[in-house]
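>>> sequence first, predicted coordinates after that:
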Amino acid sequence: MRSLIVLPEDRPCAPCAPTLPPPRPKGYCRPLPPARRKPRSVFWRRIRWGLLAVLLAGTIGGGTFAWFQTDLPAQARLALQQAMGKAGANVDLRVGEVNLRGRRHAPLEMLAAAVEVERGDPILSLDLDSLRRRLETIGWVRQATVWRQLPDTLHIEIEEREPFARWQIDGRVYLVDEDGRVLQEIDQADFAGLLLLVGAGASDKAHDLMAMLQTDPLLAGHVVAAIRLRGRRWDIQFDNGVVARLPEENPEAAWARLAALEKNEGLLRRDIVMVDLRLEDRLIVRLSPEAEAAAAANQAAPAKKTPGKRT
């Protein structure tokens, strides 16, 4: 058998030759793996997490108490507003224009006094929430919205209450809404088309009264005033001067009874000045002075005798 001859060009070069691990020294042994740590007890682990939870809850609770029970929020807000105002003034962010929308009846003087903003004030230092609350203290304003538009515009939008009736008390007349909230003091001739309420507590019951009157809109159109007596019942005055006295309990039934009498008998168009409906089983009517005088004269005059026939 011929021997294998390796020519020089067939020998592997050093980079291509496989690398063999170095020979192991005598007495070599494989090292042992590192020993595992003994796991901690579940009890101590729970104790540690419990203490951490208590510490976290105490920190959050204490911070919350300090935030809401002290003036820290106000101080922080004030400091932030002052810082923003200074920063805005440094870069010339000042109020140049104030836009107002939604106003119909509210006096401009009252709105300007509540806003308290002048041209040239730092726009970033304005307390918009406080400004909104001041506006909503005005009787006319139901809701206000305030926002700023940089660099120099302040926007104010208000929603006004609707005038519902006039309320006269202690010789002064006020305009009220359907909830009885006073909008503004007015003159007697202002808003003359609205119902006039008279007496203490009349404004609080205005909505219930109007609901009762509107059960007969035709008759309600002739009502000019409603007088609240001792905070218990109503006297209704019509445009021809007739006054209808309603009972304290169940005035709706008395009003329906009056509407039926007016429709069927024309009661309110007669020569009377008062109709008392406080008793369910009877109707009391007071004649006008002229009608009373005429009735008295008729009773005093002797009855004429009719001549009879002779038989």
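Okay, I see it. In this text, all values refer to a predicted model and were calculated from it rather than measured experimentally.
>>> report the buried residues of stretch 218-235.
Along stretch 218-235, these residues count as buried under the neighbour rule (16 or more other Cβ atoms under 10 Å): L219, A220, V223, A225, A226, I227, R228, L229, R233, W234, D235. Placement of C-beta: from N, CA and C, glycine included.
>>> OK, contacts around the fourth one?
If I follow you right, that is A225. With contact set as Cβ atoms under 8 Å, 6 or more residues apart in numbering, A225 has these partners: L195, L196, L197, V198, I236, Q237.
>>> just put those in TSV and tack on secondary structure and neighbour count.
Converted to TSV, these look like this (DSSP: H, G, I helix; E, B strand; the rest coil; neighbours: other Cβ atoms under 10 Å):
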residue	secondary structure	neighbour count
L195	strand	18
L196	strand	19
L197	strand	28
V198	strand	18
I236	strand	26
Q237	strand	18
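>>> JSON lines for the residues you listed, including distance to A294 and pLDDT?
Listed next are the contacts of A225 as JSON lines, based on distance: Cβ to Cβ, whole Å; pLDDT from 0 to 100:
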{"residue": "L195", "distance to A294": "34", "pLDDT": "92"}
{"residue": "L196", "distance to A294": "32", "pLDDT": "94"}
{"residue": "L197", "distance to A294": "35", "pLDDT": "95"}
{"residue": "V198", "distance to A294": "32", "pLDDT": "95"}
{"residue": "I236", "distance to A294": "26", "pLDDT": "95"}
{"residue": "Q237", "distance to A294": "24", "pLDDT": "95"}
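>>> now these as JSON lines including distance to A259?
Output for those, formatted as JSON lines (distance: Cβ to Cβ, whole Å):
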{"residue": "L195", "distance to A259": "17"}
{"residue": "L196", "distance to A259": "21"}
{"residue": "L197", "distance to A259": "21"}
{"residue": "V198", "distance to A259": "22"}
{"residue": "I236", "distance to A259": "11"}
{"residue": "Q237", "distance to A259": "16"}
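>>> of those, closest to Q188?
The closest of those to Q188 turns out to be L196 (Cβ to Cβ; 8.9 Å).
>>> so the closest one touches V224, yeah?
Yes. L196 sits in contact with V224 when judged by Cβ atoms under 8 Å, with a separation of 6.5 Å.
>>> just the ones in strands from the buried residues of stretch 218-235, please.
Among the buried residues of stretch 218-235, the members found in strands (DSSP state E) are V223, A225, A226, I227, R228, L229, R233, W234, D235.
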